[in-house]
Each structure stands twice: as structure tokens, then as C-alpha cells.
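> Test case, fold it:
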Amino acid sequence: MNCGIFNEFEKLGRGNIMRFSERMGYKEVKSLIQIDSVDEDIINGLWNGIKEFYYDYYFDTSKRAVNHYSLKNLTKKIWNDFYKEPMDIIDLGSNRFINEIREEFFYPEEWYEVYDFIEFIAQNFENDKVNKEFMEYCNKIMEREVSAYRFVGGQIAQITNYEEIQEIEDAITNPLTSELVKKHFSNSLKLLTDKKSPDYRNSIKESISAVECLAKKIIGNPNTTLGAALNEIEKKGTIEFHNDLKEGLKKIYHYTSDAAGIRHALKDSSNVEFDDAKFMLVSCTAFCNYLTSKADKAGISVT
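This next block holds a predicted model:
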């Protein structure tokens with residue numbers, strides 16, 4: 001497809017400076033976590049759901065016509081209420097209508113119209129069970145393709161915002177911190193957004209390792225642990241940060257380090273999901289950005 005909606009984000013105001021993520025061969029975070037775009041894979045997956053849960057199930061292939069009253073009603077609503085087209089210009093009971101909405105779906109004027117359409121269908125078909133199964137299917141597709149959106153309570157909701165993405169980008173490109181810290185975060189992002197084989201467990205491990213690496217840099221001890229390093233930072237008093245913040249991060253670290261935690265080579269990773277890994281990446285990048293800024297103000301180099 002040659003459609004503008006699939007183009008990468010314009011790189012404005014950055015001159016000829018190449019970002020770390022670009023030098024490492026990664027796309028920008030906004031492209032990896034699709035927040036202002038939908039790519040061909042998302043569109044294909046969502047359209048397959050529309051076909052499977054609605055039109056293939058209720059469409060009479062022998063007559064090539066809509067023969068179920070619920071689907072007829074949905075079809076009328078799509079044409080009259082969603083596209084707001086005159087009812088007399090198309091045969092709503094023919095296969096032509098399917099082709100028409102397919103064309104509109106695959107080539108929207110704006111990326112968000114794809115989500116508008118699937119939300120409209122899920123809210124206007126007269127079978128709650130089918131709608132529920134359709135929304136569950138769509139959520140799996142959106143997770144698989146690393147969309148920033150999900151069905152929540154029958155509506156499309158944003159689960160990843162610009163601030164979270166900015167924290168990740170800042171941590172990966174921050175000139176004040178070490179390449180090793182950046183590498184850990186880049187690895188975490190890569191594992192999180194790998195469409196073919198995402199590895200949420202190791203994504204979490206990389207995120208917390210980045211924080212540990214930074215804390216070790218601050219105290220100048222490569223052989224300590226994150227918990228001990230945070231205590232040492234507080235003890236020296238060269239960097240001041242709220243005790244609750246420190247304790248919160250230590251608890252996250254303990255979660256990744258205990259007998260049931262992420263760092264142990266457990267075979268069963270089914271309890272570790274996209275949301276867990278994304279939360280850890282956002283939390284750890286935010287903390288590293290904060291800690292790096294504090295270290296810079298205190299005259300401590302962490303490169």
C-alpha cells in the first residue's frame with residue numbers, strides 16, 4: 001500500500017543530528033508504539049476480525065446477500081450514521097457493500113478513522129456476545145502490533161500517552177548518561193515491541209538493569225546491587241530524592257529479584273504481560289531521567 005497514513009513520523013527541528021535509537025537501527029518510539037498511526041498489519045488484523053465476527057458469519061455466500069436482520073440493521077447504521085451517505089446509492093444487501101466499506105477501511109483519510117469504525121461496529125451490533133468476542137479479538141491484534149490503544153469498557157481508550165513515550169525517548173537519547181544504560185533501555189524497548197516474538201520478561205529485566213547500572217555509576221561501585229546503591233546515594237547525601245520514591249523503586253527491584261521474580265530463569269512466563277513490561281519500561285526510564293538530572297546538578301558524571 002502506498003498510503004500517507006503508513007509513513008513514518010516527520011523528523012522536524014532536529015537538523016542533521018542522528019539520534020542514538022537511529023544509530024542503533026531502531027525506529028523512534030512513537031513509530032514502535034503506534035500512537036499517531038496505524039500500519040498495514042493492524043488494519044489487516046482488524047479487518048479480518050470484522051469479516052470473521054460479522055460478515056462471514058451472517059453473510060449468505062450462496063446468495064451473496066445479507067440475510068440476517070441484525071447484520072442488515074448494522075449495515076444500515078454504518079451507511080446512514082457512520083458514513084452518512086444516501087441510502088439509495090448502494091445496494092446494502094449485496095456483496096458490493098462489503099467491498100465499499102473495505103475500501104474505506106483500508107484507505108482512511110486519517111489514521112484514527114480505523115478505530116472509529118471498529119468502535120462503531122462493536123457499539124451498534126445487536127448481539128452483545130459477538131461484540132464482546134470481537135473486542136477481545138481486536139485487543140489481541142492491537143497488543144500484537146504494539147498499538148497505543150485498546151477496547152476498554154466498550155470504547156477505544158489510549159493506554160500509552162505522549163508523556164510516557166517522551167520519557168522512553170529521553171532515556172534512550174540522553175547525552176548525560178552512559179551508553180550502557182541507553183543500551184539496556186533500547187534492548188527493553190526492542191523486546192517489548194518485537195511483533196514476531198515479544199519477550200516481556202526480559203524486557204523488564206533490561207529496564208531494571210538500566211536503573212541498576214545508573215545507580216552503580218553514581219556511587220562508583222560496579223559490584224553492588226541497586227538496593228545497596230540507592231542506600232549509599234541517600235547516605236552520602238550528594239543527591240537528594242524523596243524517601244518514598246527510593247522505597248518504591250526498591251520494591252520494584254525486589255519484585256524482579258525474588259524467588260518468583262523476573263530475573264530468575266522460570267520456564268513459565270505466562271503471568272508476565274505487555275502491560276507489566278510497558279509499566280516497568282516507563283517507570284524505569286522516568287526514574288533514570290530524574291536521577292540523571294539530579295546527578296548532573298550535583299556535578300556527578302554518569303557517562
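> CA atoms for contacts and neighbours, from now on please.
Will do.
> From G220, how far out is V181?
V181 sits 15 Å away from G220 when distances are taken as C-alpha to C-alpha, to the nearest Å.
> And the helices in the stretch 201-303 of the chain, which stretches?
Counting by DSSP state H, counting those that start in this stretch, the segments of the stretch 201-303 of the chain that form helices are 226-236, 243-257, 274-297.
> which residues sit against the longest one?
If you take C-alpha atoms under 8 Å, 6 or more residues apart in numbering as the criterion, helix 274-297 is touched by 143, 164-165, 167-168, 170-171, 174, 176-177, 185, 188-189, 192, 200-201, 203-204, 207-208, 210-211, 214, 218, 239-240, 301-302.
> okay, the angle between that helix and helix 243-257?
Using axes from the mean of the first three to the mean of the last three C-alpha atoms, to 10 degrees, the direction of helix 274-297 lies 130 degrees away from that of helix 243-257.
> And helix 274-297, what's buried?
By neighbour count with 16 or more other C-alpha atoms under 10 Å, helix 274-297 contains the buried residues 274, 277-278, 280-289, 291-295.
> got the buried residues for the helix or strand hosting I172?
Element membership for I172 (DSSP states H and E) is helix 162-173. For helix 162-173, burial by neighbour count (16+ other C-alpha under 10 Å) applies to E164, I165, Q166, E167, I168, E169, D170, A171, I172, T173.
> what does the model give the first one for pLDDT?
pLDDT, the model's per-residue confidence, is 89 for E164.
> need the contact list for it.
Applying C-alpha under 8 Å, 6+ apart to E164 gives the contacts V282.
> Shouldn't I156 be within a strand?
Yes: checked against DSSP: H, G, I helix; E, B strand; the rest coil, I156 lies within a strand.
> Check the gap between the residue lying closest to F185 once chain neighbours are set aside and K129 for me.
Once flanking residues are discounted, F185 sits nearest to S207: 5.7 Å by C-alpha to C-alpha, 6 or more residues apart in numbering. Counting by C-alpha to C-alpha, the gap from S207 to K129 is 39 Å.
> what do you get for G237?
59 Å.
> next one: E28
Distance from E28 to K129, by C-alpha to C-alpha: 38 Å.
> who's more crowded, those two?
Taking neighbours as other C-alpha atoms under 10 Å, E28 and K129 compare with E28 leading, 18 against 9.
> Going along the chain, name the strands of the stretch 51-200 of the chain.
Assigned by DSSP state E, counting those that start in this stretch, the strands in the stretch 51-200 of the chain fall at 59-60, 65-66, 149-152, 155-158.
> Mind telling me which of those strands the model trusts least?
The stretch with the lowest mean pLDDT among those is strand 65-66, at a mean of 58.
> picking that back up, which among the buried residues of helix 162-173 gets closest to E40?
Minimum distance to E40 across the buried residues of helix 162-173 is 21.8 Å, recorded for I165 (C-alpha to C-alpha).
> neighbours around S31, how many?
19.
> and it, which of the three is it?
Secondary structure state of S31, per three-state DSSP, is helix.
> so where does G49 fall, helix or strand?
helix 40-50.
> Give me the buried stretch members for that helix, please.
Buried, per 16+ other C-alpha under 10 Å, within helix 40-50: I42, I43, G45, L46, W47, N48, G49, I50.
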